[in-house]
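S.K.: Below is the sequence, then the predicted model.
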Amino acid sequence: MTVHEMKHAASDSARLEAVGGRLSRVDGPAKITGAAHYAVEQQLEGLAHAVMVESTVAAGTVLSIDTRAAETAPGVLLVLTPDTIIPLRTASDWFGTPPPDVPYCPLARVVTYSGQHVAALVAETFEQAVAAAALVKVTYDETPAIVDLSDPKAGDGIPIEAMTKEWGDAQAAFAASPVRVCAAYNTPREFQAAMEPHGLIARWQGDALTIWEPSQWLDGMARTYAEWFAIPFENVRLVSPYIGGGFGSKALALAHSAVAAASAKMLGRPVKLMLTRPQNFTSYGGRAATRQTVAIGADRDGKIQSIVHRGVNETAVDGMWVEPLGSVTSIMYATPNFSSKQNVVRVNTVVPGAKRAPGENPSAFGIESAIDELAYELGIDPLEIRLRNYAEEDPHARKAWSTRQLREAFAAGAEAFGWAKRSPAPRSMRDGHHLIGWGVAAGTYPVRRAHGEAVVNILADGSVEVESSSIDMGQGTYTILAQTAAETLGVPVEQVSVKLGDSHFARAGVAGGSRLAGVMTGAVYKAASQALDELIGLAIADPRSPFHALQANTLVVRDGRIASPRGEGPELSIAELLSAVGREKIEAKGDTMPATTTAEERYKNYTTIAMSIPHSEGDYSRHSWCAHFVEVRVDEDFGTVRVSRVVSALDSGRLYNPKLAESQWKGGIIMGIGQALLEEGMVDRRHGRIVNGNFADYMIPTNADIPDIQTISVGIPDPHSSALGGKGVGELGIVGVAPAIANAVFHATGKRVRDLPITLEKLI
Ligand code: MCN
Ligand code: MOS
């Protein structure tokens, strides 16, 4: 067979394996067969077990901790309180801000929320630790707590000036507009609810610390451990090969992580700590509860003249979380006048945290509900009003979009959904006792660019190894990096093994903000290109190479075999060539940072989020876009809402693997359905406690709640967003789903629900 014929024979599988192919997850078989070992499944000699004791009050001071009974309980090795735990150093935050020079104690003396860690137990077995923990008696001097945003004591909060976005004279233009809508939109506390709970195993060997812990950011978390224990960064090894979901919750080392690592040091034994499901709800914060008012002024043709937006999110008494509520408001529609401001209100909660599309998600609920209200006010179709106000450039940054296929998304989604058949009036479509509603909403997520490193090794047998300290929590990193290396090097994907989840591999930043795929495909592409150059260079230049005599100036590698591009002369496998020239291995490191970068900048780049590149840097504003079309069926008698159809058209630029991207989008849409109809962290007003902190009472969708979801990719390669032309995928799908459902519910029932979730009591 000539190389030419071979190329054709190989092309079917090559399409699947190449970047853009629908290859199934390469980590799938290991996960299904149980061969994949998650962080806390490591079997270690002499493992001790820790459990946490948490505060039962939301505010106050710990007066005493009576540990006498626990100390003598069977199997107990250590009882940790603020008095007995070794002192740690305060670590820097995720921006890398130098920390104050004060000790850090992960166990609280002053309690600022219910569920805060106050003590810990370590025993020979998990059961012994649980039993002993129940014997610890904590007394408090309880003080009044601010339980949530609606608490009268909460007040208006603190203005966050950095969130202010203004142009024109929004208030005056709103007042002068002939058509006006203004309403308040609320979202409750929502939780990441990853299937795998938080937990870790910590082991010390001298002053080297190994941590097995699910992590979205190995290098960032390794930095925190290093700073807590005042040891060199290199001495910490974080291992996180597989992760049972994170959704934003697993990017930081948390107080319980410090307790596990400290107790391992104190005992001189490895310690394992798994949080219980309820503890997961208070050890890392969920999405902050939010309140927004959105006022839109328009002319009678539906052209927006002004948007005035005010937002508030809850934060903690002793920690700051800003959920950027104006992020979508400020870019979705063209408006000559705009004003957005935001406050945060301190309440007695764990610091809220990142949950899939922090900011964009609640922001879209406000603006995409409000524009729907404007459409009805004017009697204009909700899709048409969006097109009349289409932003041809970024109205805030005043820059051209790198790519914005939102018009295409509206068109493709409407066509597939059959939007043209919609009857405009609320309550005008029904099927027996079901009121049918059709709603639309748009969504967006910025392209967050950053840098990454990857090592690509070509081994003597022709197989390829890719190594990076980035991670795969289900989004598909293993698979797309295998595809990138296979395509770039011209080898079959089975010949590529990808190793992730070890902080001692080449560095990577956070798998957050939907940036990892763009960053890491770029790094692997660079490393693999270098390895390929070296391979071809050897084949041409080494006198022992059979290609040497050819005097060719280039060669190609296809399906793992090297030949001249015209198919003349010899043809060798990579293994044969390496053996001919006497090489064991070709090793290349791809680093997307400029060569002039200092070691310190490099360290900062991978261990903080301070150096990610703004989405509107340079000439373009870069974002992913989507349009969701939703059908709901509302039972007229009972008010129950079912989502019966979803068609979403999305622009994430070029897709590295459409099968995985669709699965990501669908995951986001499913989470959006949960947010719209089910999810709500409920706070007991007497004790400031989350009362439904478990999977029985905190409701997330099941299969029975989810209809067929159709996703349509309308993206085109975006060279300004990433090396291979892709934009973010992971968070995009959730943005805009809840307002699309709320808009559909209004169309079905004539009732506008502005408080999520849309439960039946809000409809009857
Ligand atoms: N992809 C693609 N084409 C692109 C971009 C991405 O095919 N142009 C596909 C790839 O399979 C890639 C995946 O989408 O692996 C996600 O890529 P990206 O959008 O870059 O997001 P990250 O890899 O940075 O993943 C993080 C993102 C975030 S921030 C949250 S939150 C989230 C999400 O991914 N959490 C998840 N998706 C999740 N999926 C699972 N299963 N579990 C989570 O916890
Ligand atoms: Mo995603 S919330 O940025 O980890």
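M.R.: Received it, and whenever you're ready, just let me know what you need. Ligands and ions are numbered 1, 2, ... in the order given.
S.K.: Sketch out the strands for the stretch 601-750 of the chain, chain order is fine.
M.R.: For the stretch 601-750 of the chain, strands defined by DSSP state E, counting those that start in this stretch occupy the ranges 620-621, 623-635, 641-651, 683-684, 689-690, 709-713.
S.K.: Determine which stretch of those strands is the most buried.
M.R.: strand 623-635 (a mean of 28; mean count of other C-beta atoms under 10 Å). Bear in mind the C-beta positions are built from the backbone N, C-alpha and C, glycine included.
S.K.: Let me know the angle separating that strand from strand 709-713.
M.R.: On the basis of axes from the mean of the first three to the mean of the last three C-alpha atoms, to 10 degrees, strand 623-635 is oriented at 160 degrees to strand 709-713.
S.K.: Next, see if strand 623-635 gets close to ligand 2.
M.R.: No: using C-beta under 6 Å from any ligand atom, we find that strand 623-635 stays clear of ligand 2, coming within 13.1 Å at best.
S.K.: Report the backbone C-alpha coordinates of that strand in PDB.
M.R.: C-alpha atoms of strand 623-635 as PDB (Å, rounded to 0.1, in the frame of the first residue of the first chain):
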ATOM      1  CA  HIS A 623     -17.200  35.500  24.400                       C
ATOM      2  CA  SER A 624     -19.200  32.300  23.800                       C
ATOM      3  CA  TRP A 625     -22.900  32.800  23.000                       C
ATOM      4  CA  CYS A 626     -26.100  30.700  23.100                       C
ATOM      5  CA  ALA A 627     -29.800  30.800  22.600                       C
ATOM      6  CA  HIS A 628     -32.100  28.500  24.500                       C
ATOM      7  CA  PHE A 629     -35.700  27.600  23.300                       C
ATOM      8  CA  VAL A 630     -37.800  25.900  25.900                       C
ATOM      9  CA  GLU A 631     -41.200  24.400  26.000                       C
ATOM     10  CA  VAL A 632     -42.900  23.900  29.400                       C
ATOM     11  CA  ARG A 633     -46.200  22.200  30.200                       C
ATOM     12  CA  VAL A 634     -47.900  23.500  33.300                       C
ATOM     13  CA  ASP A 635     -50.600  21.500  35.000                       C
END
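S.K.: Spatially nearest residue to the closest residue to ligand 1 within the stretch 51-200 of the chain (excluding sequence neighbours)?
M.R.: Nearest residue of the stretch 51-200 of the chain to ligand 1, counting by C-beta to the nearest ligand atom: A194, 5.8 Å away. Spatial nearest neighbour of A194, excluding adjacent residues (C-beta to C-beta, 6 or more residues apart in numbering): G245 at 3.5 Å.
S.K.: Alongside ligand 1, which residues does the stretch 451-600 of the chain contribute?
M.R.: Within reach of ligand 1 by C-beta under 6 Å from any ligand atom, the stretch 451-600 of the chain has these residues: 473-477, 480, 511-518.
S.K.: Swap in 8 Å and give it another go.
M.R.: 472-477, 479-480, 510-520 (C-beta under 8 Å from any ligand atom).
S.K.: Skip the chain neighbours and tell me the closest residue to the residue in the chain positioned nearest to ligand 2.
M.R.: Closest to ligand 2 within the chain is G248: 2.6 Å, counting by C-beta to the nearest ligand atom. Nearest residue to G248, sequence neighbours excluded (C-beta to C-beta, 6+ apart): A354, at 3.3 Å.
S.K.: isn't the one you found right next to G246, touching?
M.R.: No: if you go by C-beta atoms under 8 Å, A354 and G246 don't touch, sitting 9.2 Å apart.
S.K.: Could you check the pLDDT of A527?
M.R.: What the model reports as pLDDT for A527 is 98.
S.K.: er, G512 I mean
M.R.: We have a pLDDT of 95 for G512.
S.K.: switch to numbering from 38
M.R.: Happy to do that; since the first residue is 38 now, the last one works out to G549.
S.K.: okay, now G574: neighbour count?
M.R.: By other C-beta atoms under 10 Å, 12 other residues sit near G574.
S.K.: before we move on, which element is it in?
M.R.: In this assignment (DSSP states H and E), G574 forms part of helix 553-578.
S.K.: Next, the distance between the ends of stretch 180-197.
M.R.: For stretch 180-197, the first-to-last residue distance is 28 Å (C-alpha to C-alpha, to the nearest Å).
S.K.: Can you give me the buried ones in that stretch?
M.R.: Residues 182-186, 188, 191, 194, 197 are the ones in stretch 180-197 that count as buried (16 or more other C-beta atoms under 10 Å).
S.K.: Low-confidence regions, the stretch 288-437 of the chain specifically.
M.R.: Along the stretch 288-437 of the chain, the model assigns pLDDT under 70 to no residue.
S.K.: So which bits of it are right by ligand 1?
M.R.: Counting by C-beta under 8 Å from any ligand atom, the stretch 288-437 of the chain sits next to ligand 1 at 391-394.
S.K.: Tell me which two of those residues sit farthest apart.
M.R.: Spatial extent of those (C-beta to C-beta) is set by the pair A391 and A394 at 9.1 Å.
S.K.: Show the pLDDT at T39.
M.R.: Here the pLDDT value assigned to T39 is 44.
S.K.: ok, now which ones touch the closest residue to V148 other than its chain neighbours?
M.R.: Spatially, and ignoring its direct neighbours in sequence, V148 is nearest to S92 (4.5 Å; C-beta to C-beta, 6+ apart). Contact analysis of S92 by C-beta atoms under 8 Å, 6 or more residues apart in numbering lists 99, 145, 148, 150-155, 175, 177.
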